[in-house]
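*Asks:* just coords:
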DNA sequence: CGCCGCCAGATTGTCAACAATCTCGTTGTG
DNA sequence: CACAACGAGATTGTTGACAATCTGGCGGCG
C-alpha cells in the first residue's frame, strides 16, 4: 500500500515549486506512508527535478511539519502519534475559538448565507452516507470561518496544523455514527456565527473540537496503544 | 543604524546551521533592519559560507516568518505592521490561555516555586527601572509556563509568533509606566498558575495579553498610521 | 562464541559554475 | 517633452560534481 511516489515529470514554468507541491500532495493523499524514508536522489529522479530543488522542497515541508529531518541521516514522512494529534487539536481549539468569535462579530449577510448553505450541504452529505464528501465540506467550513474572521495569522497557523493531522481527521470521519454527531455540532457553530452570537460561537466551537479530541483518544487507544518503530 | 550584518566567519563543525543561527540572531537583535534586502552572495561572503548554504538558511527563516521571499526578486527582512502585531498577539492570547490552563492543572510544587521566584525577579527588575532585564524575564516567564503546561505543540507555535514580534515587544517595554502595569498582570498569572486555579490563570492571561494588544494599538497609531515603503 | 574495529556502499552536505530573470539607466521616437 | 523599447549589470534559480558522514556487514581478537 505504501507505493513509492507518484510521478509528475514536471511542468514547463515552475521548478522547485513543482517538487514542493507534488511532494506535499503525495504526503497528504497518502501516496507515501508516514515514517517512510525520503531519499533525495530517488525522489528527484521521480519528479524530474535536481536534488538541490528537491532538497529545498524538503526543507519547506519540514517547516510545515509534514517531514522530519535529522542532520546527516535524511528525511522521512513525519508520523504524528495519537497523543500529538490530540495536542494539535487542543491548539486548534484555541485558535478556532478565536476565529469563531471574530467571525461572529464581523460576519456579513452574504457570508452568513454561505455558511448556512454549507450547513445544508453537510447535512446532505450525512444523509447520503458520503463520508468523503462530508470530510471535505468539514474542512471547507472550518476554513471559511477562518476567512470570515479575517484572522489571517490564525488561519495560516490552522492550515499548518490541519495538514499535519489530515490522516487522523479522515480516519475519524470513517467511524460509524461519527458524521451524525459531528453534524449537529457543526450546525450549532454555523447557527451561532451566522446569528452573530460570539459567545455561543466560541462555546459551540469548543464543544465540537473537544468531541473530536475524545474521538481521537478513543481511536488512538483502540489502534495503537504503543508506537514501535516504523520500518527502516 | 541598520549596519549590514555582523560577521562570524564560521565555526569548525556545523555548516549551514551557522548561517541559520547567525542570520536569525542578526534579525532578532536588529543588526539588520526590517525591510532590508538580503542579498545571498553578500551575506554568504560575510558569514563565510557558500550561497547554497545561506540559501537554505533563508528558506528556513522564511518558514519561521522572519524573512519574506518573492520568487525571482530576492529576500528581505520581514516587516510586521502594528496591525499584524496585534493579530499575532491575539493568536498568542488564545494559545497562552490554553497553556496557562494546562499549566495550572499540572504544575508541581517545584515549578510553582520557580514561578514565584521569577515573579520576584520581575518585581526587582521593575523597581530597578531596568526594562531590558524585565523584557528578558517577561519572555522567560511566558516560556516557562509553556514548558510547565507540557503543550509542546502550542509552545513551538508561540516561539514562532514571539520571534516575529520581538521588536514590538521590546519597544513596548520601553514605554514609561508600562513595566509597572505589566508587572501586576504577570504576578496575577503567576499566582493563579502556582495556586492551581486554571480558570483564574486563563482569565489573568487573557487580561494581560489584551492589555498588550491595547498598548500595541496605541503605539501603532502614535508612530506610523500609514506604512509607506521601506527603502529599496 | 561473542564483541570490537574496519571497509564498502549509500546518502546527505557542500561547492563553484551556468542559465534564467529582473532592475534600472539609456536611447530613440511620436 | 513624455513614453516605450532596448540592453548592461546585478541577482536569483538550477545544475552537476566533489567531499563528509552514516549504515551495515566482514574479519580479527579476546
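*Replies:* Received it, and whenever you're ready, just let me know what you need. Source: prediction; values computed, not measured. Residues are numbered from 1 along each chain as shown, chains lettered A, B, ... in the order given.
*Asks:* secondary structure class for residue A:143?
*Replies:* helix (DSSP: H, G, I helix; E, B strand; the rest coil).
*Asks:* residue contacts, it?
*Replies:* Contacts for residue A:143 were tallied using C-beta atoms under 8 Å, 6 or more residues apart in numbering or on different chains; they are A:155, A:159. All C-beta spots, glycine's among them, are computed from the backbone N, C-alpha and C.
*Asks:* swap the cut-off to 6 Å and go again
*Replies:* The contact partners of residue A:143, by C-beta atoms under 6 Å, 6 or more residues apart in numbering or on different chains, come to none.
*Asks:* measure it to chain B for me?
*Replies:* Separation of residue A:143 from chain B (C-beta to the nearest C-beta, to the nearest Å): 16 Å.
*Asks:* please apply the same query to residue A:102.
*Replies:* Distance from residue A:102 to chain B, by C-beta to the nearest C-beta: 8 Å.
*Asks:* flag every buried residue along the helix or strand containing residue A:155.
*Replies:* Using DSSP states H and E, residue A:155 falls within helix A:152-164. Neighbour-count burial for helix A:152-164 flags A:153, A:154, A:155, A:157, A:158, A:160, A:161, A:162, A:164 (criterion: 16 or more other C-beta atoms under 10 Å in any protein chain shown).
*Asks:* repeat for stretch A:106-122
*Replies:* A:107, A:111, A:112, A:114, A:115, A:116, A:118, A:119, A:121, A:122.
*Asks:* coming back round to it: ok, the buried residues of helix A:152-164 vs residue B:200, which is closest?
*Replies:* residue A:154 (25.0 Å; C-beta to C-beta).
*Asks:* so what's residue A:209 up against?
*Replies:* residue A:93.
*Asks:* not counting its neighbours along the chain, what's nearest the residue of chain A found nearest chain B?
*Replies:* Going by C-beta to the nearest C-beta, chain B is nearest to residue A:63 of chain A, at 3.0 Å. Using C-beta to C-beta, 6 or more residues apart in numbering or on different chains and skipping the chain neighbours, the partner closest in space to residue A:63 is residue B:63 (3.0 Å).
*Asks:* likewise residue A:155?
*Replies:* Using C-beta to C-beta, 6+ apart, the closest residue to residue A:155 is residue A:146 (4.0 Å).
*Asks:* which bits of chain A sit near chain B?
*Replies:* A:56, A:59, A:63, A:87, A:88, A:91, A:94, A:95, A:98, A:153, A:154 (C-beta under 6 Å from any C-beta of the partner chain).
*Asks:* and with 8 Å instead?
*Replies:* For chain A, the residues found near chain B under the criterion C-beta under 8 Å from any C-beta of the partner chain are A:52, A:55-56, A:59-60, A:63-64, A:84, A:87-88, A:90-91, A:93-95, A:97-98, A:151-154, A:157, A:161.
*Asks:* does the host helix or strand of residue A:45 come close to DNA strand C?
*Replies:* For residue A:45, the host element (DSSP H and E) is helix A:40-47. Yes: judged by C-beta under 7 Å from any atom of the strand, helix A:40-47 comes into contact with DNA strand C through A:40, A:41.
*Asks:* next SSE downstream of that helix?
*Replies:* helix A:51-64.
*Asks:* buried residues in stretch A:125-142?
*Replies:* A:125, A:126, A:131, A:133, A:134, A:135, A:137, A:138, A:141, A:142.
*Asks:* run a quick neighbour tally on residue A:171.
*Replies:* 17 (other C-beta atoms under 10 Å in any protein chain shown).
*Asks:* was I right to think it contacts residue A:216?
*Replies:* No: if you go by C-beta atoms under 8 Å, residue A:171 and residue A:216 don't touch, sitting 9.3 Å apart.
*Asks:* need the pLDDT of the residue positioned nearest the centre of chain A.
*Replies:* Closest residue to the average C-alpha location of chain A: residue A:162 at 2.9 Å, with C-alpha atoms, centre = their mean. pLDDT recorded at residue A:162 is 94.
*Asks:* returning to that earlier point: so who does the residue nearest to residue A:155 touch?
*Replies:* Counted by C-beta under 8 Å, 6+ apart, residue A:146 has contacts A:96, A:99, A:103, A:154, A:155, A:158.
*Asks:* if you count neighbours, what's buried in the helix-or-strand element of chain A with minimal mean pLDDT?
*Replies:* The helix or strand of chain A with the poorest confidence is helix A:166-173; it has a mean of 89 (mean pLDDT, DSSP states H and E). Neighbour-count burial for helix A:166-173, counted by 16+ other C-beta under 10 Å, picks out A:166, A:168, A:169, A:170, A:171, A:172, A:173.
*Asks:* quick check, nearest of the contacts of residue A:146 to DNA strand C?
*Replies:* Among these, residue A:155 lies closest to DNA strand C (C-beta to the nearest atom of the strand), at 27.8 Å.
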